[in-house]
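Chemist: with the sequence up front, the predicted model follows.
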Amino acid sequence: MSSINIELIVPPHCAGERLDRVAALLLPDFSRAELARWITAGELTVDGRVVKPRNKVSGGEHLILVAQRSLREAWQEPQALMLNVIYEDEDILVINKPAGLVVHPGAGNPSGTLVNGLLHHRPDLTRLPRAGVVHRLDKETSGVMVVAGSEIAQLRLTRMIAARKVRREYVCLCEGRMVAGQTIDRAIGRDPHVRTRQAIREEGKHAVTVVRIRKRYRAHTLVDAHLETGRTHQIRVHMQSIGYPLVGDRRYGARGKVPKGASSALVSTLHGFPRQALHAWQLAFTHPASGMEVSFEAPWPKDIIGLASALDADLVEGG
């Protein structure tokens, strides 16, 4: 069993939402069904009161979760992994997560995750919920993440993320030649037909991605994506929804598109790209202890550099 003790403040923009939905937003590492059980049992309270999952919040309420959870995965098991630590102090760790590394243990990935590596790198993280993890990147998305190193840092970072005060910048390569950047404001929810996918849904959660063009190729576009919200698979779903799926993202519509007359080398690079071409390159926020504005960057990984270089060469060769 694992003890859970978390305190949160409901951000103002959640006013009018159901408690179970807000809890799922603020506590993404727990399922909505699990949170609903804790609410009903009085283990997740609102301003010290036991309420129902369907009750609506006004913003500013004090949520306290005190519960026990059976662990089926190795959440408390330290494992020696090669972590790329960009920065570390008593209150935060900033990690450059490689593609292929799962953030935390779960179904299909019981161990060998970032959490297990963090516990080996810094054993005192065992005392923090989720080993200090306050946000996630998909398994095959690379890039910069911040992890809390103290209880107060975890509380403050969680609040900042919920209040959209953490700036998250991504770079991606998509199929298709975009004409102009745009702001994609489309709600996202679980795909009713495929449980492992997300989809554009009217009844889903509010989601906004700001897309700007870095460079156009003959049949692809290099794009900057800024997250104003942080939904599961948000950039991938939003880019598919406007007709520009990410290179390599077959789950969300990529078809291995190649420019007319492409060289065999470029065809091989595009068809062989093993993941979604998405990298979180910058993270900016207020340091939870010092109050200073900080910003961290993760260099582009070799696979995305290689993909962009192959498209650059094609642009020269193809005119």
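Modeler: Arrived safely, thanks for sending.
Chemist: okay, CA-based contacts and neighbour counts for the rest of this
Modeler: Will do.
Chemist: export stretch 76-91 to PDB, keeping only CA atoms.
Modeler: The C-alpha coordinates for stretch 76-91 follow below in PDB (Å, rounded to 0.1, in the frame of the first residue of the first chain):
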ATOM      1  CA  GLN A  76       8.800   2.900  -5.000                       C
ATOM      2  CA  GLU A  77      11.600   0.900  -6.700                       C
ATOM      3  CA  PRO A  78      14.800   2.800  -7.500                       C
ATOM      4  CA  GLN A  79      16.600   1.600 -10.700                       C
ATOM      5  CA  ALA A  80      19.800   2.900 -12.200                       C
ATOM      6  CA  LEU A  81      19.000   4.700 -15.500                       C
ATOM      7  CA  MET A  82      21.000   7.200 -17.500                       C
ATOM      8  CA  LEU A  83      19.200  10.400 -16.800                       C
ATOM      9  CA  ASN A  84      20.100  13.700 -18.600                       C
ATOM     10  CA  VAL A  85      19.800  16.200 -15.700                       C
ATOM     11  CA  ILE A  86      19.900  19.700 -17.100                       C
ATOM     12  CA  TYR A  87      19.600  21.400 -13.700                       C
ATOM     13  CA  GLU A  88      19.100  20.400 -10.100                       C
ATOM     14  CA  ASP A  89      18.700  22.100  -6.700                       C
ATOM     15  CA  GLU A  90      16.900  21.300  -3.500                       C
ATOM     16  CA  ASP A  91      13.500  22.100  -4.900                       C
END
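Chemist: how about it, which residues are buried there?
Modeler: Gln76, Glu77, Pro78, Gln79, Leu81, Asp91 (16 or more other CA atoms under 10 Å).
Chemist: now do it: everything it contacts.
Modeler: For stretch 76-91, contacts defined as CA atoms under 8 Å, 6 or more residues apart in numbering pick out 93-97, 111-112, 115-121, 123, 126, 148-150, 153, 288-289, 296, 298.
Chemist: return the members of those classed as buried.
Modeler: Buried among the contacts of stretch 76-91 (16+ other CA under 10 Å): 93-97, 111-112, 115-121, 126, 148-150, 153, 288, 296, 298.
Chemist: for the closest residue to Arg49 other than its chain neighbours, the count of nearby residues, please.
Modeler: Nearest residue to Arg49 in three dimensions, chain neighbours excluded: Gly42, at 7.9 Å (CA to CA, 6 or more residues apart in numbering). Using other CA atoms under 10 Å, Gly42 has 19 other residues around it.
Chemist: show me what the helix or strand of the chain with the lowest mean pLDDT pairs with in its sheet, parallel or antiparallel.
Modeler: Using mean pLDDT, DSSP states H and E, the weakest-scoring helix or strand in the chain turns out to be strand 2-9, at a mean of 84. Using DSSP bridges, the strands paired with strand 2-9 are strand 62-69 (antiparallel).
Chemist: after the strand it pairs with, next one along is what?
Modeler: strand 85-88 (DSSP states H and E).
Chemist: centre of the chain to that next one, how far?
Modeler: 19 Å (CA atoms, centre = their mean, to the nearest Å).
Chemist: look at the residue nearest to Arg49 and report its pLDDT.
Modeler: For Gly42, the pLDDT comes out at 94.
Chemist: please apply the same query to Arg197.
Modeler: pLDDT, Arg197: 91.
Chemist: check contacts around the closest residue to it other than its chain neighbours.
Modeler: Take Arg197 and drop its neighbours on the chain: the residue closest to it by CA to CA, 6+ apart is Asp191, 5.5 Å away. Going by CA under 8 Å, 6+ apart, Asp191 touches Arg197, Gln198, Ala199.
Chemist: what residue ranges in the protein score low on pLDDT?
Modeler: 1-2, 69-75, 107-109, 318-319 (pLDDT under 70).
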